[in-house]
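>>> model this:
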Amino acid sequence: MRYTLFDNQRDVIILLARILLMILFVMSGWSKMTGFSGTVEYLGSLGAPMPQVAAGVAVAMEFFIAILLILGFYTRPLAFLFALFVVGTAVIGHPFWNMVDPARAANSVQFFKNMSITGGLLLLAVTGAGRFSVDGR
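Predicted coordinates:
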């Protein structure tokens, strides 16, 4: 069965999906970049390996790579790379299995939110950026 309405708007929907998937990361990446020393300190408190490097990676991914994904530039490989990044941040940043309530409940939601975003990124890696993208030109 074909869903003609969605087929006719496929590229618009993929553009909207790219924007919606990445807007959170662009905002978060900007915050991390403009408050870099605080980001390093926070990542150190989480036990992230090499917090200065981890903060640099977080800024690069969440701000710069997210913008490239909104633009639809190298979408398939960058979406897959971003999916791996989001899984990593879920494991490092939201280890609910090591917590007790209420932190366990809050971090459980955040962990599974990251898994949901990962699903969207994997879907984007498979579908590509669509016509309204740098890749589509």
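>>> ok, now which ones touch P77?
A125 (Cβ atoms under 8 Å, 6 or more residues apart in numbering). C-beta: built from backbone N, CA, C; applies to glycine.
>>> mind listing what's buried in stretch 66-78?
A66, L68, L69, I70, L71, G72, Y74, T75, L78 (16 or more other Cβ atoms under 10 Å).
>>> gap between the two ends of that stretch?
Start and end residues of stretch 66-78 are separated by 9 Å (Cα to Cα, to the nearest Å).
>>> then stretch 62-81?
12 Å.
>>> gap between the helix or strand of the chain with the lowest mean pLDDT and the chain center?
Counting by mean pLDDT, DSSP states H and E, the chain has its least confident helix or strand at helix 4-8, which shows a mean of 75. Centre-to-centre, helix 4-8 and its host chain are 27 Å apart (Cα atoms, centre = their mean, to the nearest Å).
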